[in-house]
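Chemist: Quick check, what structure comes out for this input:
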Amino acid sequence: LAFCRGRIVRVPKGPLIRVVGTEAVIPCSVSDYDGPSEQNFDWEFSRDTDFVRIVSTWDSTFTSEEYQKRVGRGDIKLRRSSNDAVELVIRNIQPADQGRYKCSTPSTDATVQGNYDAEVQVKVISDGLSVSGSKGRSSMPLRLSEGDSFRLRCSAVTTSPEHTHLHVTWQIKSGSAWRDILSLTHEGKFQPGPGYEERYRNGDIRLDTGANDTYRLSVSQASSVDGGAYRCLVSEWVRGADGSWQKIQEKSVEIASVSVQRTDVVISTSNVSVTERDSLDLTCNITTDRSGVFQAEVMWYFSASPDDTVSDAQLLLSMDHDSVVSDSTLISLSHVDRNSYRLLVRDVDVEDSGYYFCEAAIWVPLHNGSWHKVVERTSAPVSVVVTALEPDYEVFLNASKTPKFSDDPTELNCRITNAQDTEANLRFTVAWYYRQRLRSDDVVTDELLASMDQDWTLLLGDRSRERIQNGEIIFSKKSVDTFSLRIQWTSESDRGDYFCVISAWSRQRNNSWVKSKDVASAPVNIFWATQDYTLTVEAVKLKPFFVAGHTFEMTCKVSSKNIKTPRYSVLITAEKPLTDQSNPNGTTRIISLNQDSVVRLEDWTDQTRVDGVVLEKVQENEFRYRMYQTQISDAGLYRCVVTAWSPGGGGMWREAVNGLSNPIQIDFQTSGPVFNVSVHSDSLTVYQGDVADLLCIVTMEGMALEPDDMSFDVAWFAVRSFALDREPILLASLDRRGIVTQSRRNGSSDLSLERISPLEFRLRVHGCEDHDFGNHYCVVTPWVRSATGVWQREPDIRAKPVFLSVKMDVLNAFKYPLLIGIGLATVTGLLSCLIGYCSSRWCCKKEVQETRRERRRLMSMEMD
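Modeler: Modelled structure (predicted):
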């Protein structure tokens, strides 16, 4: 392919047929060339044998004297379409321009390869195409009504000596540009223009051929978009030597100017406001310029929204083109005149408020006696507002029972007074509201307690839903005009303003109820003077001095004021030192006793001393707390948190006030040993698959202890990061009884934890993996046996973490792949040598016969 590559100059395959007087365009392109991307072109012309130079892209003196005037006027020019292609343009081509045209390109190649010019034959024929309108008229005005049909004709004939085909296109111009309507192509196919496909498929637009080379455009169901100027565009096509179709000329003639009168449907009245029980009168007017026989079909619709379509709206009444009206009791439709139709709705109510619009269709008779719908329009919606007849009444609210103390009953009566213009189709409901009274100017929203709907169904608010369901708040209707609200047990949270809202509901024709008016009462304030609750709690330590292992006792004495028959609930809390890591928040809830004397353990987690704490009620206002076998870890500040409860309604207790006692301190003064913990490892960098050893070493200062008098709980933790910025992960733990507990692991590595001496504990990670890296540390809890034989728990001690690195053994990782690769390469090389040897030995052996040469020794000169 590289040797065959060379410059190729291409022109269309001839002969090219052109019509005299038209513009001829002959393209020329070059490919597979070397040198610059932009190539130059020279054009020459020959009628017989000699070529005459026409024009060049790079040499202005190239043009011969015969073509200088035409080139100077621009009748002949070159138009570059790309770097490697140009077009020779000849305007107003004449029979003298018939002949051979040669396109050549100057060489820019390193070597001469390919062709550097190409020729094409151009044939100029006479103009035999004529296009005319109907009866020779160029354009005629045509005035139509919407929905009418019309036809337009044009005549096109050609007397060309060549075998040409005609392409006929009907176009419309409603603005500044012509748009295609329907075409009969030179290949005999019908092609609708953009936007006319659906009308062509429905048969509303047709193109028919008739005698005397006429082409008729038929348009049915004309609309406003069909108005404009119409023309017939005819082009002449000929099949080229390469089999493709080429357009050789084009002519057009304007046929008609069509105007379509739009049919409008409007409602004579704009927005309407009527009073309930009155009549609604609307008129639908049809605007059309039709003078012939036609009938109108009218339909009235109602919708709640102005954006609803006909399919979404409700059909009220209709009249077909035979003047048959659908049946209705309260709605009537009448024909006022030829183009006006009246809708009358009697006895309207509030539900008739909405949007009304009418839809009209024009029907015209056909020759066979049937009727045909030519146009259909929908009016703009008209807003109708029906004003309800509001009843006149007042609302009065009074308190028949007011509380003087907490838990007293409260009763409010909401009464309807001075009711006028009420009728049997009227119903009253009530809604109760509460408003909290504040001393400041803050805005307080009204809270709904309960309300009634039109069917007198009670709807509960969020504020008092539970109390209403429990029967603490009762709503009732005492009489036709009186509604009642009763609070069985009034609390301080119920103090505030109360008011009621009476709603009037009117019955509609369909027996539904519509709210017509709301009237609110003046607020009534519910308030009684109260004194603030006071609660005093005093904690007393019964034994001033004691040591670890003894029993700790303290009492909590409670006194209160302004609380009626109180009961108390007690909670014992402990504030541990900040060094206690078991409770970093500081405060621990130990045990509680509620107002019904039910004891509950709160956050007491020492399983060995489940019964080690006791809280009991000594007197009505005195409580005692005991803690048996105290530990050193129990040191801290102990308090009593007391809550006073007063009896509420329905046998319930409500919280009155809270109190906190003075702190009682437990502090153990001991001269025992001091423990320290550290982590040690001989190698903090291990390879994958190796064993990592970590030692947790406990050292002791001060008083020496026997190994049997001390024991340790050891837990190992890891933080999987270089910095200690993540949550620690428990690896394994060893309690003082020697029981090892391991956490669940995801990898293949394993752990072991053992005690190798009384003060040393070893953690081993077997088969280390990359996720075993991180900071490792141990937490030790010492246990020391006192002289009385009681084990005392010391505070937890945390060692300083050490960082364990896990590396990959590159040699071991690549050892087996390298050995396998070397072995495979060796086997492959030996096999290749064996195959080559066998092939050369037996398969490709040739017998070479050498020509024997005579061996003659040279004669010495003496013998010569």
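
Chemist: Residue 331: what's it in contact with?
Modeler: By CB atoms under 8 Å, 6 or more residues apart in numbering, the contact list for residue 331 reads 300, 316-317, 343-346. From N, CA and C alone the C-beta is placed, and that goes for glycine too.

Chemist: Quick one: buried ones out of these?
Modeler: Among those, those classed as buried by 16 or more other CB atoms under 10 Å are 300, 316-317, 343, 345.

Chemist: Go through those residues and flag which are in strands.
Modeler: Cross-referencing the buried ones among the contacts of residue 331 against strands under DSSP state E gives 300, 316-317, 343, 345.

Chemist: Could you export those as JSON lines, including distance to residue 793 and pLDDT?
Modeler: Compiled in JSON lines, those are given as follows (distance: CB to CB, whole Å; pLDDT from 0 to 100):
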{"residue": "300", "distance to residue 793": "92", "pLDDT": "86"}
{"residue": "316", "distance to residue 793": "89", "pLDDT": "83"}
{"residue": "317", "distance to residue 793": "94", "pLDDT": "82"}
{"residue": "343", "distance to residue 793": "95", "pLDDT": "86"}
{"residue": "345", "distance to residue 793": "91", "pLDDT": "87"}
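
Chemist: Using JSON lines, lay out the residues you listed together with distance to residue 427.
Modeler: Formatted as JSON lines, these follow (distance: CB to CB, whole Å):
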{"residue": "300", "distance to residue 427": "32"}
{"residue": "316", "distance to residue 427": "28"}
{"residue": "317", "distance to residue 427": "31"}
{"residue": "343", "distance to residue 427": "32"}
{"residue": "345", "distance to residue 427": "25"}
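
Chemist: Looking at these, which one is closest to residue 328?
Modeler: Lowest distance from residue 328 to these (CB to CB) belongs to residue 317, with 5.5 Å.

Chemist: How about that closest one: which residues does it bridge to?
Modeler: residue 300 (DSSP bridges).

Chemist: pretty sure it is touching residue 329, no?
Modeler: No. Judged on CB atoms under 8 Å, residue 317 makes no contact with residue 329 at a distance of 11.0 Å.

Chemist: any common contacting residues for the two?
Modeler: Residues touching both residue 317 and residue 329 by CB under 8 Å, 6+ apart: none at all.

Chemist: I figured residue 641 hits residue 568, correct?
Modeler: No. Using CB under 8 Å, residue 641 is not in contact with residue 568, being 10.6 Å away.

Chemist: Please identify which of those two sits among more neighbours.
Modeler: The residue with more neighbours, out of residue 641 and residue 568, is residue 568; 26 against 17, by other CB atoms under 10 Å.

Chemist: State the helix or strand in which that one lies.
Modeler: For residue 568, the host element (DSSP states H and E) is strand 567-575.

Chemist: Dump that strand to CSV, restricted to CA.
Modeler: The C-alpha coordinates for strand 567-575 follow below in CSV (Å, rounded to 0.1, in the frame of the first residue of the first chain):
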residue,chain,number,x,y,z
ARG,A,567,-44.3,11.9,98.5
TYR,A,568,-40.6,11.7,97.7
SER,A,569,-38.4,9.7,95.3
VAL,A,570,-34.7,9.4,96.1
LEU,A,571,-31.7,8.9,93.8
ILE,A,572,-28.2,8.2,95.1
THR,A,573,-25.4,9.6,92.9
ALA,A,574,-21.6,9.4,93.2
GLU,A,575,-19.1,11.8,91.7
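
Chemist: Name the residue closest to the centre of the protein, please.
Modeler: Centroid-nearest residue in the chain, with CA atoms, centre = their mean: residue 307, separated by 26.7 Å.
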